[in-house]
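Engineer: curious how this folds, go ahead:
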Amino acid sequence: MLTRPLVLLAALAALLALAPAAHAAVVTVRVEGRTQTIWGKAPQTVVADDALAALRAASLRGEFFVDVRQTSFGPYVSQIGRYPAGGLSGWVFKVNGASPPVGADQVRLRDGDTVLWYWADFDASTFAGPATLLLERTSARCYAAFSQDDAGRRSPARDVRIWITGVPKGTAADGRFCVRGTRGLVHVTRAGAVRSNALR
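Structural biologist: Numbering: from 1, shown residues only. Sure, this is the predicted structure:
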């Protein structure tokens, strides 16, 4: 007589156990450290339901250290890799190029989202963080670099340095350039900005 309620209870428990996984998304994650890319120089995907979970998933796959502390405001990423946050410097994130107005554990991700965690030195007078660089392919071996602010607004990234597989290969005054004869991962940097993603 108790068989039917027990079966229903077991089915409900199974559904509840699967509920978090049903909301998880396949997203691209990149972690830009203070001095170098920590993880995801080339596109790397993880499955996560929020931006903090995406960082944790990346740290497991990339085997790099992440320290998350609980505060009265929620989880706080106090360290990634070798550098702990302190003063006006620390670890922040963007989703699809913009800084969300909520904590990383509150940002619900969707398939195809891009999550960027990066070291930021904030301006003491404005509390603004650094611009982040974004590299896009315009044709087979040509690229365009953009600078993104905290709202995700982008503009051409001027005077960027071009790198191919870690070797400097010149500059691009207007952020647009083509690569001839050399193969490898291409990314750009600019003083005071977070280095870009890398593309082949």
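Engineer: ok, the residue nearest the centre of the chain - contacts?
Structural biologist: Among the residues of the chain, the one closest to the centroid is residue 116, at 1.3 Å (Cα atoms, centre = their mean). By Cβ atoms under 8 Å, 6 or more residues apart in numbering, the residues touching residue 116 are 29, 30, 31, 32, 93, 94, 95, 97, 132, 194. All C-beta spots, glycine's among them, are computed from the backbone N, C-alpha and C.
Engineer: near residue 170, how many other residues are there?
Structural biologist: Neighbours of residue 170 under the rule other Cβ atoms under 10 Å: 11.
Engineer: hmm, back to that, the contacts of residue 116 in strands, which ones?
Structural biologist: If you go by DSSP state E, the contacts of residue 116 have 29, 30, 31, 32, 93, 94, 95, 132 in strands.
Engineer: which residues does the closest residue to residue 32 other than its chain neighbours contact?
Structural biologist: Excluding its sequence neighbours, the residue lying closest to residue 32 (Cβ to Cβ, 6 or more residues apart in numbering) is residue 118, at 4.0 Å. Contact analysis of residue 118 by Cβ under 8 Å, 6+ apart lists 31, 32, 33, 91, 92, 93, 94, 132, 194.
Engineer: residues in contact with the third one?
Structural biologist: Contacts of residue 33 were listed using Cβ under 8 Å, 6+ apart, and they are 80, 81, 82, 83, 118, 119.
Engineer: same question, the last one
Structural biologist: When the contact criterion is Cβ under 8 Å, 6+ apart, the partners of residue 194 are 32, 116, 118, 119, 120, 130, 131, 132, 133.
Engineer: ok, of those residues, which one's closest to residue 147?
Structural biologist: residue 131 (4.5 Å; Cβ to Cβ).
Engineer: ok, residues contacting stretch 108-115?
Structural biologist: Taking Cβ under 8 Å, 6+ apart as the rule, stretch 108-115 contacts 23, 25-30, 48-51, 54-55, 93-97.
Engineer: quick one: distance of it to the chain centre.
Structural biologist: 10 Å (Cα atoms, centre = their mean, to the nearest Å).
Engineer: per-residue confidence averaged over that stretch?
Structural biologist: For stretch 108-115, mean pLDDT is 98.
Engineer: domains of the chain?
Structural biologist: 23-121, 132-189 (automatic domain parsing).
Engineer: possible to save the ones you listed as CSV with distance to residue 199?
Structural biologist: Shown next, in CSV, are the domains of the chain (distance: least, Cβ to Cβ, whole Å):
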stretch, distance to residue 199
domain 23-121, 8
domain 132-189, 5
